[in-house]
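need coordinates for the below:
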Amino acid sequence: MPIPRWFWAALLAATAYGQQVADPNFNTRVADPAFTSTHPRIGIDESHKNFHTKDGRYKPFAALMAADGFTVAAAPKFTAGALKAIDILVIANALGNEDWNKPEPAFSVAECDAVRDWVRAGGALLLGLVSTFAAVYLPETYTYYSIIFTFVLVAVVLAVRPLGLFGRPA
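The predicted structure is shown next:
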């Protein structure tokens, strides 16, 4: 007997309205850490009203990276000199203001220039923007479903590259 469509719609709606919280029971143990002698420095942006922070919703991510040998901290200010203190910059859901009727940029021109120059000089940038872009470009009545686009993107990447974008065989 096929599963009714209303069931799938209800399941989809329930997941879209779920609260986003970090999983306190997520196992971040890494059996064979990638970095044991050198420790790349990750800075997670927390100074632009970010939805995800090192000690908040990105806590399992930060713990997993630390277990793999990275040094994880809040990102420094986005200036040419300060960004030299990190190797990888993680920016997720930065906000300029919280007035959705009059949105403002999250970053100043000087900050954008500093990050651009830092990346050109060899810095690595990881952006968490899929659900944010989906929320902006979807009709207003569908913005609650923007998180689904994140999962669709992950599913597509894993279908094409089962080990992930930068994966290596175990």
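
where does the closest residue to L83 other than its chain neighbours fall, secondary structure wise?
Distance criterion C-beta to C-beta, 6 or more residues apart in numbering; nearest residue to L83, sequence neighbours excluded, is W118 at 4.2 Å. In this view, the C-beta of every residue, glycine as well, is placed from N, C-alpha and C. Applying DSSP states H and E as the criterion places W118 in helix 109-120.

list the buried residues in that helix.
By neighbour count with 16 or more other C-beta atoms under 10 Å, helix 109-120 contains the buried residues E111, A114, V115, W118.

quick check, nearest of the residues you listed to A34?
Using C-beta to C-beta, the shortest approach to A34 within these belongs to W118, at 22.8 Å.

so what's that closest one up against?
A80, L83, K84, L89 (C-beta atoms under 8 Å, 6 or more residues apart in numbering).

the residue nearest to L83 and K77, how far apart?
Distance, W118 to K77, by C-beta to C-beta, to the nearest Å: 12 Å.

per the record, what domains does this protein have?
Here the domain parsing of the chain from automatic domain parsing is 38-128, 130-170.

can I get these in TSV including distance to D23?
Converted to TSV, those look like this (distance: least, C-beta to C-beta, whole Å):
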stretch	distance to D23
domain 38-128	6
domain 130-170	15
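
for these, which has the smallest mean pLDDT value?
Out of the domains of the chain, domain 130-170 stands lowest, with a mean of 63 (criterion: mean pLDDT).

re earlier: next secondary structure after the helix holding W118?
strand 124-128.

which residues touch stretch 38-58?
In contact with stretch 38-58 (C-beta under 8 Å, 6+ apart) are residues 20-22, 62, 65, 69-77, 83, 85-98, 106-107, 128.
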